[in-house]
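Q: Build me a model from this:
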Amino acid sequence: MADDAPNDDDGQVIVVPGDTSGRYAPPQIDMQALEKRGQAPVRPGGSRPKSGQDAQIGVGGTAEPPSGIPPGCFLGGFGVGGPPGGGRPGGSAFGMRCLPPLPAGPAPAAPAPPPLPTPAELAAQAFEQLRLPLPVPRHSPDVRLPDGGDATIVGENTWVWSDRGVWKPAVQRVQVGPVWAEVTAAPVGMTFNSGTGGSMSCSGPGTPYDRSYGLHAASPDCGFVYTRSSVGRPNDQATAEWAIQWSVSWVGSDGTAEVGGDFPQMSSRATATFAVAEVQALRAN
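A: Sure thing, here's the model as predicted:
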């Protein structure tokens, strides 16, 4: 009994049950006696515990959990005792309960890899990336005029050719995993547009002129004869065009079998500007 307690309180905290059976209310800590003596303990880093009903945790209720409660656990009251009709009396208790962790869900599935392209699709990419070499225009006669310009001569056999260094297949390959495609462009012919209205076709890059062929000899495979001068054209010159025709095909594989096909023919072009002069005009100069 509180009235019978000696005056020299030893500082113990007294736990008082909420009722005699502990069935309806959890035990509570009576802090009033310590508060009256000015010796209520203060929690390190926190405020003084509340007294009376504010300090009680009812059956099934919860309070702000202390920092030491593990995750998934809580404080509160819960029923105890045997099943109905058993020999053990029922009751209630106060303490900490912990719920088992939820089972981990299945790991997210890895995203499916994108589908592989077909050889035909890679061939279309290679075709777009293919770069054809340009012809390098050459002609003879190639007379140097007093103003520093070039000229050929009316009525003379003009030899036309391109440097042979560009006359070779151009190849472009694209591969994704086991799928690949390779596009090949092969030169098959060359056309020459004189710039004065005439043109001709050659089966190859033409033959470079050499004095050993003779002064007025015709080209064996790619020559042209100008029949009028370029006087009256812009700057009194003709702009001639060399164009190489390319046959384009492709082969490829999906990793199991080879396939192939053809693309439309392509052309690469280059121009040269020069005068077409009369022989008497050259002699007059």
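
Q: And the helices in the stretch 151-285 of the chain?
A: For the stretch 151-285 of the chain, the helices defined by DSSP state H, counting those that start in this stretch cover 279-284.

Q: where do the strands sit along it?
A: Secondary structure of the stretch 151-285 of the chain, counting by DSSP state E, counting those that start in this stretch: strands at 157-162, 170-176, 179-193, 199-202, 223-225, 238-253, 258-262, 266-277.

Q: among those, which is nearest residue 72?
A: strand 170-176 (49.6 Å; C-beta to C-beta). Glycine gets a C-beta too; all of them are placed from N, C-alpha and C.

Q: tell me the angle the closest one makes with strand 238-253.
A: 30 degrees (axes from the mean of the first three to the mean of the last three C-alpha atoms, to 10 degrees).

Q: Could you spell out the sheet neighbours of strand 170-176, each with its direction?
A: Note on strand 170-176: by DSSP bridges, its sheet partners are strand 179-193 (antiparallel).

Q: List the residues that contact residue 244.
A: Neighbour list for residue 244: 132-135, 162, 166-167, 187, 189-190, 205, 267-269 [criterion: C-beta atoms under 8 Å, 6 or more residues apart in numbering].

Q: Output the strands of the stretch 151-285 of the chain as a markdown table; include the columns distance to residue 127.
A: A markdown table is the format used below for the strands of the stretch 151-285 of the chain (distance: least, C-beta to C-beta, whole Å):
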| stretch | distance to residue 127 |
| --- | --- |
| strand 157-162 | 23 |
| strand 170-176 | 8 |
| strand 179-193 | 5 |
| strand 199-202 | 25 |
| strand 223-225 | 33 |
| strand 238-253 | 7 |
| strand 258-262 | 10 |
| strand 266-277 | 9 |
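
Q: Deepest in the core, which of the ones you listed is it.
A: Ranked by mean neighbour count, the strands of the stretch 151-285 of the chain are led by strand 157-162 with a mean of 25 (mean count of other C-beta atoms under 10 Å).

Q: which element follows the longest helix along the chain toward the C-terminus?
A: Identified as the longest helix of the chain according to DSSP state H is helix 119-129. Per DSSP states H and E, the first helix or strand lying C-terminal to helix 119-129 is strand 137-140.

Q: Give me the average confidence score over that following strand.
A: Strand 137-140 carries an average pLDDT of 97.

Q: Quick check: pLDDT value at residue 223.
A: 96.

Q: Residue 254 now?
A: So, for residue 254, pLDDT stands at 94.

Q: swap in residue 76?
A: pLDDT, read off for residue 76, is 72.

Q: Next: residue 113.
A: pLDDT, read off for residue 113, is 86.

Q: Low-confidence regions, this structure specifically.
A: 1-67, 77-94, 281-285 (pLDDT under 70).

Q: before we move on, back to that, please point out which parts of the longest helix of the chain sit buried.
A: By 16 or more other C-beta atoms under 10 Å, the buried positions in helix 119-129 come out as 119, 122, 123, 124, 126, 127.

Q: elements contacting that helix?
A: strand 170-176, strand 179-193, strand 238-253, strand 258-262 (3 or more C-beta pairs under 8 Å, 6 or more residues apart in numbering; DSSP states H and E).

Q: let's see it at 6 Å
A: strand 170-176, strand 179-193, strand 238-253 (3 or more C-beta pairs under 6 Å, 6 or more residues apart in numbering; DSSP states H and E).

Q: Nearest to residue 156 among these would be which one?
A: Evaluated over these, closeness to residue 156 peaks at strand 238-253, with 14.1 Å, by C-beta to C-beta.

Q: Before I go, just wanted to say thanks for your time.
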